[in-house]
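Chemist: no FASTA, just this:
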């Protein structure tokens, strides 16, 4: 007899996981947004509770009200749910229906990080100056709705791909094969130091790093309600990356939100219809995850030197990193560095949530969400670098505290003697 459960796997239908909700409110207790604003009634309400309204034939996919747009998409609700309710994912899909293709120009602009990088990096000094010019920021707030104090990225005049073309590191012995590096928008135009550190560390460990042709992962568009555009970018990336996987190359990235998109969002939120979606997902690794797997196999070089940065450092694991369900591999790697003392932050979220905290109506919410983390940074000493896997979280930490924030791979590369802190 045919197994009907295999024909209808509830885990493959995000909306139907609402029926698994027992109203325990664990998700609401874990939500970083609900405690700081009355504009968001909590993930249980806008998620599984309102999903029943959204699935009503008379209502179609309409949400009861617009408060679902105040979900930051951090994913803590899904992470802590003991019954497998995909709360954040159904909220994200509800946001698409809320906008129904009518995307504000601000959302379209915030969703185009790759385009902004391409246009802006060649004029980096001017663009970076404009980002600090208060009158221009006030005008942008009035016209676009992007908060005047939101931490805009710092453009690099030389993109990572341009640097790589001239300075590609050679694989050191013993040679272990080829890997494909997904640098993402930030790693190519804004946070090039993290990408450089990543490929230097991979080469030091015997890998020949190749750079596939690639596009934005689509997450900024997805977060701003542009699902069709995000799906298009997802398919472009899958078309390009699948060929490398078939050649036996793992796909490695240092932007933890982008690697999560490949592993999870393309399936759980965007429902991307592509034959290689699952093939690529199974072969994508976050950089710290990949290095720890090497160490567990006895293949990671451990010729680390002490890195003195003035005592105990704070490591913040961002929401997207936690959603990988891989623990905190960066902390395990730090244990291999002589004299390294790193403390895990006790805060759940920095509040920026990608582009969420950029929006004028959500900026104060984001700052309130991140207060616990900012207080910990000040307590441990804002003169020390704060370690964090997500670029937008690093920008938020620096904006709120003045502390420099670096990717874990930068610290690892420094311990290898490949870069300076």
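Modeler: Yep, it's here. Keep in mind it's a predicted model, so treat the numbers as computed, not measured.
Chemist: Lowest average confidence across helices and strands of this structure, where is it?
Modeler: Taking mean pLDDT, DSSP states H and E as the measure, the helix or strand of the chain with the lowest value is helix 4-7, at a mean of 41.
Chemist: quick one: what helix or strand has residue 209 in it?
Modeler: Per DSSP states H and E, residue 209 falls inside strand 207-210.
Chemist: Same question for residue 285.
Modeler: Applying DSSP H and E as the criterion places residue 285 in strand 284-286.
Chemist: average model confidence for that strand?
Modeler: Computed over strand 284-286, the mean pLDDT rounds to 98.
Chemist: who does that strand touch, helix- and strand-wise?
Modeler: Applying 3 or more CB pairs under 8 Å, 6 or more residues apart in numbering; DSSP states H and E, we find strand 284-286 packed against strand 251-253, helix 256-260. The way it works is simple: take the backbone N, C-alpha and C, and place the C-beta from them, glycine included.
Chemist: buried set for whatever helix or strand comes next after that strand?
Modeler: Following strand 284-286 in sequence order, the next helix or strand is helix 287-296 (DSSP H and E). Neighbour-count burial for helix 287-296 flags 287-292, 294-295 (criterion: 16 or more other CB atoms under 10 Å).
Chemist: Please identify the pairing partners of the strand holding residue 285 and their relative orientation?
Modeler: In the sheet, strand 284-286 lines up against strand 251-253 (parallel) (DSSP bridges).
Chemist: what sits against residue 202?
Modeler: The neighbourhood of residue 202, defined by CB atoms under 8 Å, 6 or more residues apart in numbering, consists of 169, 179, 181, 209, 252.
Chemist: Which pair of the residues you listed spans the longest distance?
Modeler: Greatest spatial distance among those (CB to CB): 169 and 252, at 14.1 Å.
Chemist: Pick out whichever of these two has more residues nearby.
Modeler: Legend: neighbour count by other CB atoms under 10 Å for residue 169 and residue 252, higher for residue 252 (24 against 17).
Chemist: beta partners for the more buried one?
Modeler: Per DSSP bridges, the residues bridged to residue 252 are residue 181, residue 285.
Chemist: thought it was touching residue 183?
Modeler: No - taking contacts as CB atoms under 8 Å, residue 252 lies outside contact range of residue 183: 10.0 Å.
Chemist: got the residue ranges for the strands in the protein?
Modeler: For the chain, the strands defined by DSSP state E cover 177-182, 207-210, 251-253, 284-286, 313-316, 342-344, 386-388, 405-406.
Chemist: So which of those strands is nearest residue 233?
Modeler: Nearest to residue 233, of the strands of the chain and by CB to CB, is strand 177-182 at 12.7 Å.
Chemist: quick check, distance from that closest one to the centre of its chain.
Modeler: 20 Å (CA atoms, centre = their mean, to the nearest Å).
Chemist: for stretch 392-412, same thing?
Modeler: Mean C-alpha position of stretch 392-412 versus that of the full chain (CA atoms, centre = their mean) differs by 14 Å.
Chemist: ends of that stretch, how far apart?
Modeler: End-to-end span of stretch 392-412 (CA to CA, to the nearest Å): 20 Å.
Chemist: If you count neighbours, what's buried in that stretch?
Modeler: By 16+ other CB under 10 Å, the buried positions in stretch 392-412 come out as 392-401, 403, 405-412.
Chemist: show me the biggest helix of the chain in terms of residues.
Modeler: helix 227-246 (DSSP state H).
Chemist: Which other helices and strands does that helix contact?
Modeler: Packed against helix 227-246, as judged by 3+ CB pairs under 8 Å, 6+ apart, are the following elements: strand 177-182, helix 219-223, strand 251-253, helix 277-281.
Chemist: one more time with 10 Å
Modeler: Here helix 227-246 touches helix 87-99, strand 177-182, helix 219-223, strand 251-253, helix 266-268, helix 277-281, going by 3 or more CB pairs under 10 Å, 6 or more residues apart in numbering; DSSP states H and E.
Chemist: now the residue nearest to the spatial centre of the chain, nearest residue through space, not along the chain?
Modeler: Nearest residue to the geometric centre of the chain (CA atoms, centre = their mean): residue 257, 2.0 Å. With CB to CB, 6 or more residues apart in numbering as the criterion, residue 257 has its nearest non-adjacent residue at 4.1 Å, and that residue is residue 320.
Chemist: Would you mind listing the residues in contact with the one you found?
Modeler: 73-75, 219, 255-261, 264-265, 286, 353-354, 389-390, 392-393 (CB atoms under 10 Å, 6 or more residues apart in numbering).
Chemist: try 6 Å this time
Modeler: 256-257, 260, 390 (CB atoms under 6 Å, 6 or more residues apart in numbering).
Chemist: Identify the farthest-apart pair in those.
Modeler: 260 and 390 (9.8 Å).
Chemist: pLDDT at the nearest residue to residue 149 once chain neighbours are set aside, what is it?
Modeler: Excluding the flanking residues, the one nearest residue 149 by CB to CB, 6+ apart is residue 363, at 6.8 Å. In this model, residue 363 is scored at 97, pLDDT.
Chemist: same check, this time on the one 5 residues further on
Modeler: The predicted structure scores residue 368 at 97 on the pLDDT scale.
Chemist: before we move on, back to that, would you reformat the buried residues of helix 287-296 as CSV and include distance to residue 107?
Modeler: Listed next are the buried residues of helix 287-296 as CSV, based on distance: CB to CB, whole Å:
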residue, distance to residue 107
287, 30
288, 31
289, 31
290, 33
291, 36
292, 36
294, 40
295, 41
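Chemist: Pick the one among these closest to residue 382.
Modeler: residue 288 (23.9 Å).
Chemist: Enumerate every residue touching the closest one.
Modeler: 329-330, 408.
Chemist: any chance of those residues in a markdown table, plus distance to residue 190 and pLDDT?
Modeler: Formatted as a markdown table, the contacts of residue 288 follow (distance: CB to CB, whole Å; pLDDT from 0 to 100):
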| residue | distance to residue 190 | pLDDT |
| --- | --- | --- |
| 329 | 24 | 97 |
| 330 | 20 | 97 |
| 408 | 17 | 98 |
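Chemist: how near is residue 273 to residue 264?
Modeler: Note on residue 273: its distance to residue 264, by CB to CB, to the nearest Å, is 16 Å.
Chemist: let me redo that: residue 387
Modeler: Separation of residue 387 from residue 264 (CB to CB): 23 Å.
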